[in-house]
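J.: Next one to model:
(chains A and B)
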Amino acid sequence: MPEIKNIIKGCLAGNRRDQELLYRRHAARLYAVCLQYSGNDDEASDILQEGFIKIYENLIHYKHEGSFEGWMHRIVVNTALEKFRSKHNLYRVDDIDDIPEPDSAPETEDYSGLEAVDLLDIIRELPPKYRMVFNLFAIEGYSHKEISQMVNISEGTSKSNLSRARIILQKKVNLYTGLKKSVVNG
Amino acid sequence: MVEKGANIDLLFRNGLKDYEVLPPAEAWNAILPVIRKRQRPVIFLRSAALIAVLLSISFLAYKWSEQLSEPSDTQFLALDQAPAGSQGSSADPVLTRRPTAAKRQTTAIRNNLVQNLPASAKPASQSNPVQSDPDMITEPDYMNLRSDMMAPANIQTLKNTSFISGNEKTIYKDLYDYGIEEQEKKTDKWSLTAMASPTYYMRPELNNSEISNQIASSEQPKLSYSGGVGFSYKISKKLSIQSGLYYSSIGNQVDDIFSFAGFRPFDLSKGDHNFEVMTSSGKIYTENPDVFLIDMSGDRVMTKYTNDVFDPLKAKLSYVNNSLFQSFSYLELPVILRYKLIDKSIDFNLIGGLSYNLLVSNSVHTVIDGNKYNVGKTAGLNPFMVSSSLGMGMEYNISEKISLNLEPTFRYFINPFNNIQSFGSHPYSFGVFSGLSYKF
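T.: This is a model prediction of the structure:
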């Protein structure tokens, strides 16, 4: 199996086989990330395509420092963020926050029935701005300050969106867990 | 709440970590044309950059050679620069009368030189009545001297004549140069050249049908090479004609055709022509009964062993590769004209002509673990092709006889690679030939 360095070199030389090999190796993982950031499959496909085009275009700038997967992951997340901003940058996200505060949900300790596909479904059901803030904070590890700059919202809104996202997610997790258990118990 | 939040965060972070979902099949098909399209300008820009670099090098080399060939001081008084008060006509440099002070010296030098020449080469002017005026170099004298000095032995005599100095060099330098030039005309008419070049072949876009687009997007030329020996004959000082024998190899990679080995036991017809693959160079016919081909992304493979009849995975055939490689070799007979644009220490030539190419080898293979696995041949190739070429040659003279050549050359094939009407493409190529020439 060719090393990633050789594949990158081939891609830079315009070798189509290496370009395809790079895609085949990483598309599935990156598509999962795209789905996590988007509400529908078409949008996820668009993010994947745009992300990969940027990856090929920017390969020349990759310094072989750190993980290549991480570098590609960041490009795809940034592409998702750009897409989000292009849809929501007409006004600050916190200015149109008219979704009522959800009631807090009791936390379940037993998540054993939940699989990755369920988690992905749950996260994709979130409103776009909650999903974006939750992904950036909980999954990517950005601070509220960073998120406020990235998404063009205040830090307070970022915290509030995260809090609301968590409550919604908790409720859905409880619901899924309950449903799964009821299916298993007959 | 923070802890609760952290729990739900962890649930999603860990749950989605490394999760993979296969993207829709058309996603790659949407990416590929975009990156190919963006690469074309890059290839064009690279070619343009290469040409710009070559031109810059040529210009710098020209400037450098100009500097090298510039005289360090004004060496001589030209014959037509008649000194003030001279009685001769300034319009006739040969009959210019020298200043009195130099007259005797001139005569002495001339006599000395003539005495040094072999008897047969001595000018007839010795018995010429004009000789009665010892101070005047007459036209017949000059002409005789010029013709005498064309003989190589006499050139050497002139070279060794160390007593010529000052303005008198003028006359003899002219004679000497003339002699050398005439001598050069007689020799160095022929040269033998050995050259080689990596060559990049390109094909123009085929017509816009779906299959043509698919074929075009799935093929990429491999770096080819060309090399051989040629000889050239100098027709005049500026123009020469060149021919020789060259060998060139051209490669083409056809992607997304998956090949499997071990098909022979399932080949009920026991034929060796089970698969045909459409390519821009012509149809590939399999000759190896052991090979099984399948086109994963289109309909380029024609066979009776279609997907619904035979599944290579179920039959547990061994996967070999997902690309086929076409190789063509030609023997070339070029007829090239070379026109010298700049004649300095680095010469610049404009090169143009035709090459007659005879197909000598045609094979298709795939690769497994670095080894070639024979597949078959490309059918319908033109066995005889004519290409036109245009280039700019630089020639640096390492010594009197040997020179170093660099020739960026563009070539266009006048007749197509194959006879298939819809796929008849005229490829073109760019190569930088380099090599050595020996003049004799």
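
J.: so where do the helices sit in chain A?
T.: Using DSSP state H, the helices assigned to chain A run over residues A:4-12, A:16-37, A:41-58, A:68-88, A:116-124, A:128-134, A:144-151, A:155-185.

J.: Chain B too?
T.: Remark: helices assigned in chain B by DSSP H are B:2-16, B:26-69, B:100-116, B:139-148, B:152-160, B:168-186, B:210-217.

J.: what sits against the residue lying closest to B:Y305 once chain neighbours are set aside?
T.: Excluding its sequence neighbours, the residue lying closest to B:Y305 (CB to CB, 6 or more residues apart in numbering or on different chains) is B:N274, at 6.3 Å. Quick note: C-beta positions are derived from backbone N, CA and C, even for glycine. By CB atoms under 8 Å, 6 or more residues apart in numbering or on different chains, B:N274 lies in contact with B:F263, B:D267, B:T286, B:P289, B:F292, B:T303, B:K304, B:Y305.

J.: Any chance of a markdown table for the helices of chain A, columns distance to chain B and mean pLDDT?
T.: Written out in a markdown table, the entries for the helices of chain A read as follows (distance: least, CB to the nearest CB, whole Å; pLDDT from 0 to 100):
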| stretch | distance to chain B | mean pLDDT |
| --- | --- | --- |
| helix A:4-12 | 9 | 86 |
| helix A:16-37 | 4 | 92 |
| helix A:41-58 | 5 | 93 |
| helix A:68-88 | 10 | 91 |
| helix A:116-124 | 4 | 92 |
| helix A:128-134 | 8 | 94 |
| helix A:144-151 | 13 | 92 |
| helix A:155-185 | 5 | 85 |
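
J.: sorry, back to before: for the residue nearest to B:Y305, what are phi and psi?
T.: When read as degrees, to the nearest 10, the backbone of B:N274 gives phi -80, psi -20.

J.: Tell me how the chain divides into domains.
T.: Unless you meant another one, I'm taking chain A. For chain A, the domain assignment from automatic domain parsing gives the residue ranges A:1-90, A:92-186.

J.: was after chain B, sorry
T.: Chain B breaks down by automatic domain parsing into domains covering B:26-70, B:76-186, B:188-439.

J.: got the buried residues for the top strand by length along chain B?
T.: Within chain B, and with DSSP state E defining each element, the longest strand by residue count is strand B:318-342. Across strand B:318-342, burial judged by 16 or more other CB atoms under 10 Å in any protein chain shown covers B:320-330, B:332-334, B:336-338, B:340.

J.: now, which of those lie close to chain A?
T.: Checked against chain A using CB under 8 Å from any CB of the partner chain, those give the following subset in range: B:N322, B:S323.

J.: per-residue pLDDT, the nearest residue to B:Y373 once chain neighbours are set aside?
T.: The spatially closest residue to B:Y373, leaving aside those adjacent along the chain, is B:T366, at 5.0 Å (CB to CB, 6+ apart). According to the prediction, B:T366 has pLDDT 91.

J.: Just confirm B:T366 contacts B:Q326, I think it does.
T.: No: the pair B:T366 and B:Q326 does not pass the contact test of CB atoms under 8 Å, sitting 10.6 Å apart.

J.: and the residue of the stretch 251-400 of chain B nearest chain A?
T.: Shortest the stretch 251-400 of chain B-to-chain A distance, computed as CB to the nearest CB: residue-wise this is B:D255, at 5.7 Å.

J.: Can you report how many residues lie near that residue?
T.: Neighbours of B:D255 under the rule other CB atoms under 10 Å in any protein chain shown: 17.

J.: list the contacts for it?
T.: Contact criterion CB under 8 Å, 6+ apart gives A:R16, A:R17, A:E20, B:S218, B:E219, B:Q220, B:N322, B:S323 as the residues in contact with B:D255.

J.: on that earlier part again, out of the contacts of B:N274, which end up buried?
T.: Among the contacts of B:N274, the ones that count as buried (16+ other CB under 10 Å) are B:F263, B:D267, B:T286, B:P289, B:F292, B:T303, B:Y305.

J.: Can you pick out the most distant pair from those?
T.: For those, the maximum inter-member distance is 12.6 Å, found between B:P289 and B:T303 (CB to CB).

J.: May I have the distance across stretch B:291-304, first residue to last?
T.: Here the two ends of stretch B:291-304 are set 14 Å apart, with distance taken as CA to CA, to the nearest Å.

J.: Now do A:E115, the pLDDT please.
T.: 87.

J.: if I look at it, how far off is B:N357?
T.: From A:E115 over to B:N357 the distance is 63 Å, taken as CB to CB, to the nearest Å.

J.: try B:V375
T.: Relative to B:N357, B:V375 is positioned 24 Å away (CB to CB).

J.: Could you do B:I284 as well?
T.: When CB to CB is the yardstick, B:I284 and B:N357 sit 21 Å from each other.

J.: now do B:I402
T.: Between B:I402 and B:N357 the distance is 29 Å, computed by CB to CB.

J.: Ok, B:F258 next?
T.: With distances defined as CB to CB, the gap from B:F258 to B:N357 amounts to 32 Å.

J.: More neighbours: which of those two?
T.: The residue with more neighbours, out of B:F258 and B:N357 and counting by other CB under 10 Å, is B:N357; that gives 23 against 19.

J.: Let's see the pLDDT reported for that one.
T.: Model confidence at B:N357 (pLDDT) stands at 92.
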